[in-house]
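S.K.: when you get a sec, could you give me coordinates for this:
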Amino acid sequence: QVQLVESGGGLVQAGGSLRLSCAASGRTFNSYTMGWFRQAPGKEREFVAGINWSGTYYVDSVKGRFTISRDNAKETVYLQMIGLKSEDTAVYYCAAVMSLYSAPRAAREYDYWGQGTQVTVSS
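M.R.: Modelled structure (predicted):
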């Protein structure tokens, strides 16, 4: 069982940056593939970035702007976002699945979810 708590969301101007954090509680955090998703009003939840033992992977729309990382000692995963655009406005969710090398991009492939944190980018 893993509990996830996101933080770091807020209001930022276009071109600005934010860093989201997701603190995990539970055992064997380093056995989990971690992901970030987002959901804008009226839209489906969208994969943003993931990190496993092999490395990181991203949706094309955020490549070069977002960076996912993890600190296994702190049991925390981060999403550094720069060059934010109005279309990045959404609720951002952290997710986890017990896996070392898979690279899931579908929400249904993840077992644990945080409550979400709002990111609003003003143009």
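
S.K.: relative to Ser25, how far out is Val2?
M.R.: Distance, Val2 to Ser25, by Cβ to Cβ, to the nearest Å: 7 Å. In this view, the C-beta of every residue, glycine as well, is placed from N, C-alpha and C.

S.K.: who has more neighbours, these two?
M.R.: Taking neighbours as other Cβ atoms under 10 Å, Val2 and Ser25 compare with Val2 leading, 21 against 11.

S.K.: not counting sequence-adjacent ones, nearest residue to the more buried one?
M.R.: The shortest distance from Val2 to any non-neighbouring residue, by Cβ to Cβ, 6 or more residues apart in numbering, is to Gly26 (4.0 Å).

S.K.: now do the contacts for the one you found.
M.R.: 1-3 (Cβ atoms under 8 Å, 6 or more residues apart in numbering).

S.K.: dump stretch 7-19 to PDB, keeping only the CA atoms.
M.R.: Below are the C-alpha coordinates for stretch 7-19, written out as PDB (Å, rounded to 0.1, in the frame of the first residue of the first chain):
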ATOM      1  CA  SER A   7       2.200  19.700  -3.300                       C
ATOM      2  CA  GLY A   8       3.700  22.700  -5.100                       C
ATOM      3  CA  GLY A   9       0.900  23.700  -7.400                       C
ATOM      4  CA  GLY A  10      -0.200  27.300  -7.800                       C
ATOM      5  CA  LEU A  11      -0.800  30.300 -10.100                       C
ATOM      6  CA  VAL A  12       2.000  31.300 -12.400                       C
ATOM      7  CA  GLN A  13       2.300  33.500 -15.400                       C
ATOM      8  CA  ALA A  14       3.000  32.000 -18.800                       C
ATOM      9  CA  GLY A  15       6.700  31.300 -19.200                       C
ATOM     10  CA  GLY A  16       7.200  30.800 -15.500                       C
ATOM     11  CA  SER A  17       8.100  27.700 -13.600                       C
ATOM     12  CA  LEU A  18       6.900  25.500 -10.800                       C
ATOM     13  CA  ARG A  19       8.100  22.400  -9.100                       C
END
